[in-house]
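In: here is a sequence with its predicted model. Questions after.
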Amino acid sequence: MLFKELQLIEPILAALETAGYSTPTPIQEQAIPMILAGNDLLGCAQTGTGKTAAFAIPILQLVTKSMLHGNSNKGIKALVLTPTRELAIQIEESFKDYGKNLRMKHQVIFGGVSQVHQVNALRNGVDILIATPGRLLDLMQQGYVRLNDIQFFVLDEADRMLDMGFINDVKKIIAKLPVKKQTLFFSATMPDEIEKLSSTLLHNPAKVTVTPVSSTAEKIQQAVYFVEKDHKKLLLVSLLQDAAIQTALVFTRTKHGADKVVKDLTRNSITAEAIHGNKSQNARQRALTNFKNGSTRILVATDIAARGIDIDQLTHVFNYELPNVAETYVHRIGRTGRAGASGIAISFCEAEERAFLKDIQLLIKKQLPVVTDHPYHSASPAPATYKLPERRPAAHQQNRNRKYSFNRSSQNR
């Protein structure tokens, strides 16, 4: 199927063509017609499947239609709520790209920066507002934002809202929305509290599930390196000296850890920058821009800061430290292998992280191949065995010592 078969208006089709898009991803193919038909939508899709375009494109068309039918007041017509500043900025960029041929005003608001520019934009009138919960609530309480005219509401990355403790703020915002509106609800996973929220928010929704919950993209090659904690920085430097790794996103659990990894890499003449919550917004955007344009080869990030990172042709993701929440692993490695592309995800595992690895493998129902042919291979005991569906423990025991290597030349894009 092509975008031109989805009954999109010509200005949007022209913008998509300019951006080089002709074929929708599965979630776009399924969701766009449902949204254009006026349905509430419950979308369950892993990161990297193209869900931003799945809601941005039809919202642009529906708001345009609404304005043509006389709703041209300065009230906000569509609200997109998302958990992080980086993701909010990238969603706003998507609206700008897809709506470049439309007379539409859109604005992004988030905390960590002065509110002056954001308030001035709101005073001049905004059709589509993309916001993080904290700053939106703050501006609502100051009287700068009213949600009385909202016709379309998107709650994006709902599970991350829960993880970050935003769920109460989200509920306060929802309470201020009109009863009559079209609601689009997206989440990569569906924990109980998110399911309860969706059931109260959505009215007879259409449902789109592109891939199984907590699954990883098939084209992402995954592997684990067992390594002592003190040898992780040596192993990372050794691997990143491979010129075939053009870009890499390295994950740490803490902000301090991210800064430390950057120092280790810089000492070894590897260009790297960190992105996390202690960095100023300008510093975070500068690091992200440098990474996108290739002047910085390695970006080191914490989970929350990296949630909105969407980089084309990102070849590698490194889990320098394994996440202590298994679902986070899925989000992390979803930064590569996006929209059908291939990618490589490499995880370092020290002795104290073996339990995390076990949880991850149980969640994704897959054993990560173990790389043993490297100079820092850990001699510590192997992780506890466990039974995967339709697999015998003995098979796992045989496979965990198997050497595994990547054909890196195939990744030299």
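Out: That came in fine, so what should we check first? A quick note: this is a predicted structure, and the numbers were derived from the prediction, not measured. Numbering: from 1, shown residues only.
In: which secondary structure state does the closest residue to Leu368 other than its chain neighbours sit in?
Out: Take Leu368 and drop its neighbours on the chain: the residue closest to it by C-beta to C-beta, 6 or more residues apart in numbering is Val224, 4.3 Å away. Quick note: C-beta positions are derived from backbone N, CA and C, even for glycine. Classification of Val224 by DSSP: H, G, I helix; E, B strand; the rest coil places it in strand.
In: residues contacting Val224?
Out: By C-beta atoms under 8 Å, 6 or more residues apart in numbering, Val224 lies in contact with Ile346, Ser347, Phe348, Cys349, Leu357, Leu368, Pro369, Val370, Val371.
In: can I get the buried part of those as one ChimeraX selection?
Out: Below is the selection syntax for ChimeraX that covers the buried ones among these, with 16 or more other C-beta atoms under 10 Å defining burial:
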select :346,347,348,349,357,368,369,370,371
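In: kindly reformat the contacts of Val224 as a markdown table containing distance to Gly99, pLDDT and secondary structure.
Out: What follows is those, written out as a markdown table (distance: C-beta to C-beta, whole Å; pLDDT from 0 to 100; DSSP: H, G, I helix; E, B strand; the rest coil):
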| residue | distance to Gly99 | pLDDT | secondary structure |
| --- | --- | --- | --- |
| Ile346 | 38 | 96 | strand |
| Ser347 | 39 | 97 | strand |
| Phe348 | 42 | 97 | strand |
| Cys349 | 44 | 96 | strand |
| Leu357 | 44 | 94 | helix |
| Leu368 | 41 | 94 | coil |
| Pro369 | 44 | 94 | coil |
| Val370 | 47 | 94 | strand |
| Val371 | 45 | 93 | strand |
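In: tell me which two of the contacts of Val224 sit farthest apart.
Out: In these, two members sit farther apart than any others by C-beta to C-beta. They are Phe348 and Pro369, at 14.2 Å.
In: just to revisit the earlier point, can you put the contacts of Val224 in TSV and add distance to Phe185?
Out: Below are those laid out as TSV (distance: C-beta to C-beta, whole Å):
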residue	distance to Phe185
Ile346	33
Ser347	31
Phe348	35
Cys349	35
Leu357	32
Leu368	32
Pro369	36
Val370	39
Val371	39
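In: strands of the chain, start to end?
Out: If you assign secondary structure with DSSP state E, the strands in the chain sit at 41-44, 78-81, 106-109, 128-131, 152-155, 182-187, 206-209, 220-226, 248-251, 272-275, 298-301, 316-319, 343-349, 370-371.
In: out of the ones you listed, the one nearest Ala287 is which?
Out: Checking the strands of the chain against Ala287 by C-beta to C-beta gives strand 272-275 as the closest, at 4.0 Å.
In: so what strands line up beside that closest one?
Out: strand 298-301 (parallel) (DSSP bridges).
In: not counting the partner strand itself, show me its contacts.
Out: The set of residues external to strand 298-301 that reach it, using C-beta under 8 Å, 6+ apart, is 240, 247-252, 258, 261-262, 265, 270-276, 287-288, 291, 309, 320.
In: just the C-alphas of that strand, formatted as PDB.
Out: Written as PDB, here are the backbone C-alpha positions of strand 298-301 (Å, rounded to 0.1, in the frame of the first residue of the first chain):
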ATOM      1  CA  ILE A 298      28.800   8.200  20.100                       C
ATOM      2  CA  LEU A 299      25.900   9.400  22.300                       C
ATOM      3  CA  VAL A 300      25.800   8.300  25.900                       C
ATOM      4  CA  ALA A 301      22.400   8.500  27.400                       C
END
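In: that strand: how far from the chain's middle?
Out: Here strand 298-301 shows a centroid-to-chain-centroid distance of 15 Å under the convention C-alpha atoms, centre = their mean, to the nearest Å.
In: any buried residues in that strand, and which?
Out: By neighbour count, and taking 16+ other C-beta under 10 Å as the criterion, the buried residues in strand 298-301 are Ile298, Leu299, Val300, Ala301.
In: tell me what the last one is bridged to.
Out: Beta-bridge partners recorded for Ala301 (DSSP bridges): Phe251, Ile275.
In: now do it, the pLDDT please.
Out: The confidence metric pLDDT takes the value 91 at Ala301.
In: how is the chain partitioned into domains?
Out: 3-209, 220-411 (automatic domain parsing).
In: the ones you listed: lowest mean pLDDT?
Out: Of all the domains of the chain, mean pLDDT reaches its minimum on domain 220-411 (a mean of 79).
In: which helix is the longest one in this structure?
Out: When the chain is parsed with DSSP state H, its longest helix is helix 51-68.
In: what angle do that one and strand 182-187 make?
Out: Here helix 51-68 runs at 170 degrees with respect to strand 182-187, directions being taken by axes from the mean of the first three to the mean of the last three C-alpha atoms, to 10 degrees.
In: what's helix 51-68 packed up against?
Out: Contact partners of helix 51-68 among helices and strands, from 3 or more C-beta pairs under 8 Å, 6 or more residues apart in numbering; DSSP states H and E: helix 10-18, helix 26-36, strand 41-44, strand 78-81, helix 85-98, strand 128-131, strand 152-155, strand 182-187.
In: the fourth one pairs with which strands?
Out: On the basis of DSSP bridges, the sheet neighbours of strand 78-81 come out as strand 128-131 (parallel), strand 152-155 (parallel).
In: contacts for it?
Out: Under the criterion C-beta under 8 Å, 6+ apart, residues 55, 59, 63, 88, 91, 127-133, 136, 147, 150-156, 161, 170, 173, 177 lie in contact with strand 78-81.
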